[in-house]
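Colleague: model this:
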Amino acid sequence: MKLKIFAGVLTALIVAGCAPMETPVSKELKQQIEHDKNNAMLQAGLAEEYYRQFMEDRRRVSSLLEAKKTILKAEALEPDSLRIKKLAYLIIKDYALGFRDREMFDELYRRFPELKSAGVKVYPPSFIKAVTLDRNGDEKEIVRLYTQAIREEPDFMGSYALLAEFYNYKEHYDLAIDTAKRAIKKVPEYADMHATLAEAYYWKVAELEDQKECGAGNAALNQKVLDSAAQAIRLDHKAFAEPMNVLMLQSYERLGQRELALFLADKVLKADDNIGLYAQTLQINGKLKASMALLQEQQEEDAFHSQLKGMGYFMQQDWKRAIEEYERYFESEDDELDYTDYVYYLSALRMDGQTAKLDKTLKTLRDRSFEGRWQETVIKFMLGERSKEELIEASENRCSTTEAMFVLGMDALARKQRDEAIGYFHELQAQKVYSYCEYAVATYFLENGLEG
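Modeller: Residues are numbered from 1 along each chain as shown. Next up, the predicted model:
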């Protein structure tokens with residue numbers, strides 16, 4: 001079972017980074033406007049100051065909102081001013097992009113011919129059309145429009161950026177990587193594109209692990225995540241330090257670099273008070289005692305906390321408590337459970353001698369269909385319908401071999417064959433699939449001793 005991907009954390013950090021901040025502006029300018037509210041140039045100056053604040057720190061969303069409101073006042077007062085129109089275009093453009101505001105995109109499209117003829121650098125029309133479309137709509141049409149926008153304005157990086165983001169959203173990671181690389185080749189110091197490239201590499205590794213494909217290539221891709229994320233942070237620390245550090249944290253875990261993962265966990269997750277994922281990072285990087293203490297301090301528990309506590313008790317070989325937490329997790333988890341959750345639960349039941357509950361769960365699983373031949377083989381081995389040899393034969397790569405060695409190790413432990421279990425856990429470690437919970441559990445067992 002691979003570790004939880006930090007998608008929720010990334011979203012939370014990005015959203016938190018966009019929280020409204022105080023927007024102080026020149027008192028003198030405000031006083032001038034109080035005395036002359038119908039002065040378009042004063043209103044435009046105020047809008048420009050708000051917009052400058054936003055450009056200096058894009059977390060100042062409230063500055064952008066004030067800039068839009070103020071520049072539209074200025075335009076209403078002096079509709080023929082090209083200077084005001086240029087500034088209005090810049091502000092509306094960032095507002096439309098930031099909030100995916102269809103009305104504002106229509107406004108940009110309406111303004112295009114006049115501003116283009118006046119020599120103002122504006123977005124390609126195909127780009128504006130593409131951005132207004134629903135990302136869950138016609139995929140071919142969206143790609144066609146972004147591609148056309150790149151042909152119309154080859155030096156406009158926004159088309160590359162949103163096309164790459166769209167490919168990431170649609171899980172076409174190879175296409176996202178190719179698009180981001182093309183943009184970086186044109187503009188090497190483009191921070192947003194390095195961040196998008198880091199995300200594409202990151203999710204590509206996750207996709208490979210979901211498909212049970214592990215190997216040296218994954219390590220190379222993880223290193224590319226680290227390199228691209230570091231570049232994004234170097235070029236724009238304010239915008240990308242937090243979300244990129246989360247990607248780097250899990251990439252370090254995937255590479256088995258415990259100390260660096262723990263360092264970033266302290267820096268990012270602990271500082272952000274993200275208790276669940278901080279506890280998980282401690283747990284899988286050899287700090288189980290600290291992880292469990294942190295989880296037990298929490299008054300409110302959710303499914304994720306129960307899952308973590310179940311895993312923690314499992315690692316401590318406290319089978320009864322592990323069973324209780326997993327059952328609590330099963331009751332509160334809305335999404336369909338991963339078959340590996342049952343592997344831990346069934347192993348704990350077997351180790352604790354709860355035969356009746358084990359048999360009942362096995363009968364339930366017998367009627368359930370699991371995705372893929374590998375999952376079915378694991379469950380059927382635990383049901384006694386597949387042999388050890390059949391399980392090993394079905395494991396075709398490092399990912400599935402890691403899971404097979406864990407299942408065989410727990411089976412040996414339940415049969416009181418401690419030395420045999422140790423052998424399987426050592427073979428599991430040899431696969432070096434650091435991002436799997438099985439690796440963390442086996443390592444903890446070997447470092448702290450086994451029952452039997």
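
Colleague: so where's the stretch 1-150 of the chain uncertain?
Modeller: 1-26 (pLDDT under 70).

Colleague: in the stretch 101-250 of the chain, which spans are helices?
Modeller: Secondary structure of the stretch 101-250 of the chain (DSSP state H, counting those that start in this stretch): helices at 102-117, 125-132, 139-152, 157-169, 173-186, 191-210, 216-235, 237-254.

Colleague: quick one: average pLDDT of the last one?
Modeller: Confidence for helix 237-254, expressed as mean pLDDT, is 90.

Colleague: likewise the fourth one?
Modeller: The pLDDT scores in helix 157-169 average 93.

Colleague: which strands and helices lie in contact with that helix?
Modeller: Using 3 or more C-beta pairs under 8 Å, 6 or more residues apart in numbering; DSSP states H and E as the contact test, the elements touching helix 157-169 are helix 125-132, helix 139-152, helix 173-186, helix 191-210. (Each C-beta comes from the backbone N, C-alpha and C, glycine too.)

Colleague: list the buried residues for that helix?
Modeller: 157-168 (16 or more other C-beta atoms under 10 Å).

Colleague: mind giving me the domain split of the chain?
Modeller: 10-213, 336-452 (automatic domain parsing).

Colleague: about what we covered before: out of the helices and strands packed on helix 157-169, deepest packed?
Modeller: helix 191-210 (a mean of 23; mean count of other C-beta atoms under 10 Å).

Colleague: quick one, helices of the stretch 351-452 of the chain?
Modeller: Going by DSSP H, counting those that start in this stretch, the stretch 351-452 of the chain shows helices at 355-366, 373-382, 388-394, 398-414, 418-430, 437-448.

Colleague: out of those helices, flag the one nearest Tyr173.
Modeller: The closest of the helices of the stretch 351-452 of the chain to Tyr173 is helix 398-414. By C-beta to C-beta, the value is 17.7 Å.

Colleague: which residues touch that closest one?
Modeller: Helix 398-414 is contacted by residues 1, 209, 212-215, 340, 343, 347, 350-351, 374, 378, 381-382, 388, 391-392, 394-395, 418, 420-422, 424-425, 427-428, 431-433, 436, 438-439, 441-442, 445, 450-452 when judged by C-beta atoms under 8 Å, 6 or more residues apart in numbering.

Colleague: out of those residues, which end up buried?
Modeller: Buried among the contacts of helix 398-414 (16+ other C-beta under 10 Å): 1, 209, 212-214, 340, 343, 347, 350-351, 374, 378, 381-382, 391, 394-395, 420-422, 424-425, 427-428, 431-433, 436, 438-439, 441-442, 445.

Colleague: circling back to that earlier point, can the buried residues of helix 157-169 go into JSON lines with extra columns for distance to Lys181?
Modeller: Converted to JSON lines, the buried residues of helix 157-169 look like this (distance: C-beta to C-beta, whole Å):
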{"residue": "Met157", "distance to Lys181": "13"}
{"residue": "Gly158", "distance to Lys181": "17"}
{"residue": "Ser159", "distance to Lys181": "15"}
{"residue": "Tyr160", "distance to Lys181": "10"}
{"residue": "Ala161", "distance to Lys181": "13"}
{"residue": "Leu162", "distance to Lys181": "16"}
{"residue": "Leu163", "distance to Lys181": "12"}
{"residue": "Ala164", "distance to Lys181": "9"}
{"residue": "Glu165", "distance to Lys181": "14"}
{"residue": "Phe166", "distance to Lys181": "16"}
{"residue": "Tyr167", "distance to Lys181": "12"}
{"residue": "Asn168", "distance to Lys181": "14"}
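
Colleague: return the closest of those with respect to Ile71.
Modeller: Once C-beta to C-beta is applied, the member of the buried residues of helix 157-169 that ends up nearest Ile71 is Gly158, at 20.2 Å.

Colleague: which residues does that closest one contact?
Modeller: Here Gly158 is in contact with 97, 123, 127 (C-beta under 8 Å, 6+ apart).

Colleague: the first one in helix, strand or coil?
Modeller: Leu97 carries the three-state label helix when classified by DSSP: H, G, I helix; E, B strand; the rest coil.

Colleague: wait, isn't it in contact with Val131?
Modeller: Yes - if you go by C-beta atoms under 8 Å, Leu97 and Val131 touch, sitting 7.0 Å apart.

Colleague: could you give the average pLDDT over stretch 306-314?
Modeller: Here the average pLDDT along stretch 306-314 is 93.

Colleague: tell me the buried residues in that stretch?
Modeller: In stretch 306-314, counting by 16+ other C-beta under 10 Å, buried: 306-314.

Colleague: in the stretch 351-452 of the chain, where is pLDDT below threshold?
Modeller: Judged by pLDDT under 70, the stretches of the stretch 351-452 of the chain that qualify are 368-372, 452.

Colleague: who are the contact partners of the closest residue to Met351 other than its chain neighbours?
Modeller: Using C-beta to C-beta, 6 or more residues apart in numbering and skipping the chain neighbours, the partner closest in space to Met351 is Trp319 (4.6 Å). The neighbours of Trp319, taking C-beta under 8 Å, 6+ apart as the test, are 313, 348-349, 351-352.
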